[in-house]
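*Asks:* Mind looking at a prediction? Sequence and model below.
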Amino acid sequence: MSSEFDSQREQMVRDQVEARHISDPHVLQAMRSVPRHEFVRLDMLDHAYSDNALPIGMEQTISQPYIVAYMLEQLALTGTETVLEVGTGSGYQTALLSLLVKEVISIERQQPLAEQAAQVLDRLGYDNIVIHAGDGSQGVRDMAPFDAIIVSAAAPSIPSMLMAQLADGGRMILPVGDRHHQYLEKVTRVGNSWHIEQLISVVFVPLLGKQGFGHHEQKSERG
């Protein structure tokens, strides 16, 4: 089974990532290394390396491999950063980040998902990660500033609390828009100013919380 997954993972990187012009060698190597099948539900194993987002429970998803790779490449990581990940989810992107940076601080709103991701990451030996349960739209102020921030859920606008936790020279990438149509936006901080660049069209689950979508919308969200 392991060799079968190895083959599927290599094909995923070649056909879904490299073929779409992701060229950062560190991102490509991380995606070749991290076993995505360890982070999906058992009933989704046959689709672990498919070109799709997959449900992981609690109305959350593990993102499409290409989108994960695209976001990571846009952050231009060098290996020295402390990164905030908003939306731990399954822990797959967290594992990728752990191979690309010095330290990952990850925050997940859903306590059961945070605990499950922590268990999988620990079992697989990723040890430069700290996972918190809480409102990701507010970041983790006590551990700021962050050299990079990656947000894996869509916000109606860029959360000011996350912008404030970005280090000078830091980069943040996140989906911004309504609950069904968004664009990835890249935010770069230079002193007390922020440069914002609109990237590609995407669809993510909504970011819930004080600076995300309101609690009253939770029941109508897509999984």
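*Replies:* Thanks, I have it. Numbers count the residues shown, from 1 in each chain.
*Asks:* Low-confidence ranges, the chain, go.
*Replies:* 1-2, 215-223 (pLDDT under 70).
*Asks:* ok, Glu38 - how many residues close by?
*Replies:* Residues lying near Glu38 (other Cβ atoms under 10 Å) number 17. Just so you know, the C-beta spots here come from the backbone N, C-alpha and C atoms, and that holds for glycine as well.
*Asks:* Now do the helices in the protein.
*Replies:* Ranges of helices within the chain are 2-12, 25-33, 65-74, 92-100, 111-124, 160-164, based on DSSP state H.
*Asks:* Would you mind giving both backbone torsions of Val34?
*Replies:* Val34 adopts backbone torsions of phi -80, psi 120, taken as degrees, to the nearest 10.
*Asks:* What is the burial count for it?
*Replies:* Counted with other Cβ under 10 Å, residues neighbouring Val34 total 23.
*Asks:* ok, now Tyr49?
*Replies:* Neighbourhood size, Tyr49 [other Cβ under 10 Å]: 22.
*Asks:* if we can go back for a sec, so of the helices of the chain, which one's packed in deepest?
*Replies:* Counting by mean count of other Cβ atoms under 10 Å, helix 92-100 has the highest mean neighbour count of the helices of the chain, with a mean of 25.
*Asks:* by contact count, what packs against that helix?
*Replies:* On a contact count with 3 or more Cβ pairs under 8 Å, 6 or more residues apart in numbering; DSSP states H and E, helix 92-100 meets helix 25-33, helix 65-74, strand 82-86, strand 103-108, helix 111-124, strand 129-133.
*Asks:* Tell me what angle that helix forms with strand 103-108.
*Replies:* Angle, helix 92-100 to strand 103-108, by axes from the mean of the first three to the mean of the last three Cα atoms, to 10 degrees: 170 degrees.
*Asks:* Alpha carbons of helix 92-100, as CSV, please.
*Replies:* The C-alpha coordinates for helix 92-100 follow below in CSV (Å, rounded to 0.1, in the frame of the first residue of the first chain):
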residue,chain,number,x,y,z
TYR,A,92,-1.7,18.4,6.0
GLN,A,93,-0.7,21.9,5.2
THR,A,94,0.8,22.2,8.7
ALA,A,95,3.1,19.3,7.9
LEU,A,96,4.2,20.9,4.7
LEU,A,97,4.9,24.1,6.5
SER,A,98,6.9,22.3,9.1
LEU,A,99,9.4,21.2,6.4
LEU,A,100,9.6,24.7,5.0
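*Asks:* about what we covered before: now the helices of the chain as JSON lines including distance to Gly177?
*Replies:* Output for those, formatted as JSON lines (distance: least, Cβ to Cβ, whole Å):
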{"stretch": "helix 2-12", "distance to Gly177": "27"}
{"stretch": "helix 25-33", "distance to Gly177": "25"}
{"stretch": "helix 65-74", "distance to Gly177": "14"}
{"stretch": "helix 92-100", "distance to Gly177": "20"}
{"stretch": "helix 111-124", "distance to Gly177": "23"}
{"stretch": "helix 160-164", "distance to Gly177": "16"}
